[in-house]
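K.L.:
Got a predicted structure plus its sequence, pasted below:
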Amino acid sequence: LCAVLSLVAMLANALASHAAASPLAWLMIPAHWLHVASYAVWIGGLAAVLVGIRGLPTIAKAEAVGRFSLVAGIAFAAMILTGLVRGIDEVGSWSNLFTTTFGWLLLLKTALFLTITPLAATNRWRYVRIGVAGIKRLRWVSRGELMLAAGIMVAAAFLTTLPPPSFVRPVAARNFPHVVVTGVDYGGAVRVTLDVAPGYPGLNRFTVTVRDNRGAHPVANATLFLLFDLPARPEIGESELELRQVTDGLYTAESTRLSLAGTWTVTVVVETAITSYDAVLSVRTAGAP
């Protein structure tokens, strides 16, 4: 019953892990599940065996160690194979392995595995074979395995908090939607460009570029406001958003002023030390994906 419940918990973990976000989720979810289960059989079983062989060495204890060694060998092989499959899927390339925090943590985890391997091999091929006489030394080597395995668990925990490099690069390269509109003030003195990203109802980043109408000189050190009005819903009323200057002629802010779908009238108010300019723009929110 304990084993079944543990396997169900591991499956739930796999369904909410990086594996589920992979394009090959149908393969990576079972691989992740088998990887975690194999690790649990190997390390959890080893800890249980150490508890069970306390005290004086006996033939029964030696036989129990031999039986576990066979199971642990199969689990260790499955863990290495599935770990390799998951690593290739998450890292994606050699450059990602050596240039990202995720890659360095994966290298650390691999190094710990490589350190454990000779310890596990020593137990399996030497101390298990000599039976009762090898139990005392097997205990010491197994304790070393458990300590290194704890380090692997810490590295694995940190890996779950980081996005896999193979997933990040395609997302960063995607052309996310923007709504871009351009207009001039009533007097034709300045030209403004409003960029709304992503342009869906809700939270958006508003970026305004202000230049003279010929586009040669940016309008810097101005106080800039956006006035929002939804003509189809006059009961909502007008709202105001002040933008901060990022660099000469470039102003930005984040807000949920575009709260509903529809065509909004956005008035860009530019106040300088000398005068002010108003440019009225029409912004239609995009349909959320």
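P.N.:
Structure's in. What do you need?
K.L.:
so where is the stretch 101-250 of the chain shaky, pLDDT-wise?
P.N.:
The model of the stretch 101-250 of the chain has pLDDT under 70 over residues 168-176, 215.
K.L.:
quick one, strands of it?
P.N.:
Applying DSSP state E, counting those that start in this stretch to the stretch 101-250 of the chain gives strands spanning 179-184, 190-197, 204-212, 223-229, 239-247, 250-255.
K.L.:
how about stretch 209-218: buried residues?
P.N.:
209, 210, 211, 218 (16 or more other C-beta atoms under 10 Å). The C-beta positions use only the backbone N, C-alpha and C, and glycine is treated the same way.
K.L.:
Quick check: closest non-adjacent residue to the first one.
P.N.:
If I follow you right, that is residue 209. What sits nearest to residue 209 in space, not counting adjacent residues and going by C-beta to C-beta, 6 or more residues apart in numbering, is residue 193, at 4.4 Å.
K.L.:
Next: the last one.
P.N.:
The shortest distance from residue 218 to any residue other than its chain neighbours is 2.4 Å, reached at residue 249 (C-beta to C-beta, 6+ apart).
K.L.:
Report the contact partners of the one you found.
P.N.:
Applying C-beta atoms under 8 Å, 6 or more residues apart in numbering, one finds that residue 249 lies in contact with 209, 210, 211, 218, 219, 220.
K.L.:
Phi first, then psi, for it.
P.N.:
For residue 249, the backbone dihedrals (degrees, to the nearest 10) come out as phi 80, psi 0.
K.L.:
Tell me the spacing between it and residue 214.
P.N.:
As for residue 249, its distance to residue 214 is 13 Å (criterion: C-beta to C-beta, to the nearest Å).
K.L.:
do the same with residue 192
P.N.:
Distance, residue 192 to residue 214, using C-beta to C-beta: 14 Å.
K.L.:
same check, this time on residue 266
P.N.:
Relative to residue 214, residue 266 is positioned 23 Å away (criterion: C-beta to C-beta).
K.L.:
What of residue 207?
P.N.:
Summarising the geometry, the distance separating residue 207 from residue 214, computed by C-beta to C-beta, is 21 Å.
K.L.:
Now residue 143. Nearest residue, chain neighbours left out?
P.N.:
Nearest-residue entry for residue 143: residue 50, 7.3 Å, with adjacent residues in sequence omitted and distances by C-beta to C-beta, 6+ apart.
K.L.:
isn't that neighbour right up against residue 136?
P.N.:
No: checked against C-beta atoms under 8 Å, the pair residue 50 and residue 136 is beyond contact range at 11.9 Å.
K.L.:
was I right about residue 119 contacting residue 144?
P.N.:
Yes: contact criterion C-beta under 8 Å: residue 119 and residue 144 qualify, at 5.5 Å.
K.L.:
so where does the residue nearest to residue 143 fall, helix or strand?
P.N.:
Element membership for residue 50 (DSSP states H and E) is helix 45-52.
K.L.:
Number of residues surrounding residue 227?
P.N.:
Other residues within reach of residue 227, judged by other C-beta atoms under 10 Å, total 16.
K.L.:
let's number from 25 now, not from 1
P.N.:
OK, 25 is where the count begins now, so the last one is residue 251.
K.L.:
Enumerate every residue touching it.
P.N.:
Counting by C-beta under 8 Å, 6+ apart, residue 251 makes contact with 262, 263, 264, 290, 291, 293.
K.L.:
now, the most widely separated pair of those?
P.N.:
Farthest pair in those (C-beta to C-beta) is 263 and 293. Separation: 13.0 Å.
K.L.:
Looking only at neighbour counts, state which of the two leads.
P.N.:
Remark: of residue 263 and residue 293, residue 293 carries more neighbours, 18 against 15, as counted by other C-beta under 10 Å.
K.L.:
What pLDDT does the model give the residue nearest to residue 167?
P.N.:
The predicted local confidence for residue 74 comes out at a pLDDT of 92.
K.L.:
how much space between it and residue 253?
P.N.:
Counting by C-beta to C-beta, the gap from residue 74 to residue 253 is 72 Å.
K.L.:
cool, residue 30 as well?
P.N.:
As judged by C-beta to C-beta, residue 30 and residue 253 stand 59 Å apart.
K.L.:
what residues does stretch 288-308 touch?
P.N.:
Applying C-beta under 8 Å, 6+ apart, the contact partners of stretch 288-308 are 203, 205-211, 213-214, 216, 218, 220, 223, 232, 234, 243, 245-255, 282, 286-287, 309.
K.L.:
Show the buried residues in these.
P.N.:
If you count burial by 16+ other C-beta under 10 Å, the buried members of the contacts of stretch 288-308 come out as 203, 205, 207, 209, 214, 216, 218, 220, 223, 232, 234, 243, 246, 248-252, 254, 282, 309.
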